[in-house]
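[1] Sharing a model prediction with you, sequence too.
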Amino acid sequence: MTTTEPHSGGHPGDEAGVTTGFLARKLGVSPTTLRSWDRRYGLGPAARVEGRHRRWSPDDVAMMQDMCRMTAAGVPPAEAARVARRRAVPEGTGTPIGSAVEPGPPGESAAGQASSPERPSPAGRPPDVGRVSEGHGGAEGSGSGEVLEGTGAGRSGGGLPLGSVWQECRGLARAAVRLDAVAVQEQLTRAVTTYGLITAWEEILAPALHAVGRKWESAGDQYVEVEHLLSWHVSATLRHCYVRSSQAPGRSGDALPVVLACMPGELHTLPLEALSAVLAERGLPVLMLGGAVPAEALVATVRRIGSTAVVLWSQSRSTASLALARHLAATRWGVRGARTHTAVHVCGPGWGAAKHETQLRRPRSLRDAVTALAGDGPYGTA
């Protein structure tokens, strides 16, 4: 044979192009989504050979990456497709990449697409139109409930089920699966700016992190790079918010700080980073000790600075020490005759056994924790 054809898992640089399966894994969508976008909006390979599998050229791949970025940001699919095809016009040709647009199902129009579940969620309240459920809807990936595919060439990837989530959460997860660091950061920044830290964390950031974490645990090391990428950018976003708020003019350095610490052996710090950013935004002083803080250091810190509140995070029961929490709650500090104690808030799924501990406070969410801490000591109300 004189014609060499790349294998089905070809690389983006192959002249013959890549397969639909490879492109789906690269973009973090299902092959059904790509076929649906081709059928509905003409976003298909520019060159087709009858009787052979479709191959996507580098220009085709760039066009589809553009489409994914826009739909993940909340642009209706029909409008995103028009923009992606216009941007993909090869220089000097005047003809957009992609096939001719075939009419969609009866009654479907660009206007109809604008009211699809791909729209961003209304700010400040859990939406109906912005929440997308797995396993429901049509074949189209945007809002259809498909599972996200693997991360790249050579990986089958089991998929990333997200359950019922906001469209912004799905877009963030897709960007992470694509290892698109720029898109991940853009969507994190947009989420925090649009909805505020608490809503962005509870409805977008945390669900995406949980889904990636569960996939990593069930698939060995296949998703470790996705989890690390997403975690790093989430942490960077939260710390930026903390620094910006803590350096705001007019903040007093005299108030006692809230101590935030992970239990000994506990390394999951992102929930506390979210809490520190929100508290700083509210003007509350924070002392963040980070992950796996030794018991002796926790006790010494509370006595040394005289904190009126300490938050202990535990992701699993193995790190949730009720004995240490009780000891901190019983610790007295201050001058003789006016000694006081520290309010201990135990947070995280590891503290299931603490529900009957009357001396411990157990906020169930970031919003609950902020409300509880804002009412402690000199901090006033939320």
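    Sure thing, it's come through.
[2] Low-confidence ranges, the chain, go.
    Per-residue confidence of the chain (counting by pLDDT under 70) places the weak regions at 1-16, 48-52, 74, 89-161, 218-221, 250-253, 333-340, 375-382.
[3] Is it correct that I198 is in contact with T371?
    No - contact between I198 and T371 fails when scored by CB atoms under 8 Å: they sit 10.0 Å apart. Yep, even glycine has a C-beta here, placed from its N, CA and C like the rest.
[4] quick one, which of those two is more surrounded?
    A side-by-side neighbour count of I198 and T371, using other CB atoms under 10 Å, places I198 first with 20 against 14.
[5] Convert the C-alpha atoms of the helix or strand hosting that one to CSV, please.
    I198 is part of helix 197-200 when elements are defined by DSSP states H and E. Coordinates of each C-alpha in helix 197-200 appear next as CSV, following Å, rounded to 0.1, in the frame of the first residue of the first chain:
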residue,chain,number,x,y,z
LEU,A,197,-17.2,33.6,47.1
ILE,A,198,-19.8,31.6,49.1
THR,A,199,-22.1,30.8,46.2
ALA,A,200,-19.2,30.2,43.8
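[6] who does it touch, helix- and strand-wise?
    Counting contacts by 3 or more CB pairs under 8 Å, 6 or more residues apart in numbering; DSSP states H and E, helix 197-200 packs against helix 181-195, helix 270-281, helix 366-374.
[7] if we go to 10 Å?
    Here helix 197-200 touches helix 167-177, helix 181-195, helix 224-246, helix 270-281, helix 366-374, going by 3 or more CB pairs under 10 Å, 6 or more residues apart in numbering; DSSP states H and E.
[8] C-terminal to that helix, what's the next element?
    Once helix 197-200 ends, the next helix or strand along the chain (criterion: DSSP H and E) is helix 206-218.
[9] Most tightly packed of the helices and strands packed on helix 197-200?
    Comparing these by mean neighbour count (mean count of other CB atoms under 10 Å), helix 167-177 ranks first with a mean of 29.
[10] Put the alpha carbons of it into PDB.
    Extracted in PDB, the C-alpha atoms of helix 167-177 (Å, rounded to 0.1, in the frame of the first residue of the first chain):
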ATOM      1  CA  GLN A 167     -23.700  25.000  34.000                       C
ATOM      2  CA  GLU A 168     -20.600  26.900  35.200                       C
ATOM      3  CA  CYS A 169     -19.600  23.800  37.300                       C
ATOM      4  CA  ARG A 170     -19.800  21.600  34.200                       C
ATOM      5  CA  GLY A 171     -17.800  24.200  32.200                       C
ATOM      6  CA  LEU A 172     -15.100  24.300  34.800                       C
ATOM      7  CA  ALA A 173     -14.800  20.500  35.000                       C
ATOM      8  CA  ARG A 174     -14.600  20.300  31.200                       C
ATOM      9  CA  ALA A 175     -11.800  22.800  31.100                       C
ATOM     10  CA  ALA A 176      -9.900  20.900  33.800                       C
ATOM     11  CA  VAL A 177     -10.300  17.600  32.000                       C
END
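[11] Just want the angle from it to helix 224-246.
    Put simply, helix 167-177 runs at 120 degrees to helix 224-246, going by axes from the mean of the first three to the mean of the last three CA atoms, to 10 degrees.
[12] quick one: helix 167-177 to helix 206-218, angle?
    Direction vectors for helix 167-177 and helix 206-218, defined by the same axes, to 10 degrees, enclose an angle of 40 degrees.
[13] Helix 167-177 packs against which elements?
    Contacts defined by 3+ CB pairs under 10 Å, 6+ apart place helix 167-177 against helix 20-27, helix 58-72, strand 131-132, strand 165-166, helix 181-195, helix 197-200, helix 206-218, helix 224-246.
[14] Common neighbours of I198 and T371, please.
    Common contacts of I198 and T371 (CB atoms under 10 Å, 6 or more residues apart in numbering): S365.
[15] V370 contacts E202, doesn't it?
    No - with contacts counted by CB atoms under 10 Å, V370 stays clear of E202, the gap being 11.1 Å.
[16] what do the two both touch?
    Residues within reach of V370 and of E202 at once, by CB under 10 Å, 6+ apart, are A274.
[17] any idea how far L43 is from the residue nearest to H53 when sequence neighbours are not counted?
    In space, and not counting its chain neighbours, H53 is closest to T19: 6.0 Å by CB to CB, 6 or more residues apart in numbering. From T19 over to L43 the distance is 16 Å, taken as CB to CB, to the nearest Å.
[18] between these two, which one's more packed in?
    Neighbours were tallied for T19 and for L43 using other CB under 10 Å; the higher tally belongs to L43 (27 against 20).
[19] So that one: helix, strand or coil?
    Taken by DSSP: H, G, I helix; E, B strand; the rest coil, the conformation at L43 corresponds to coil.
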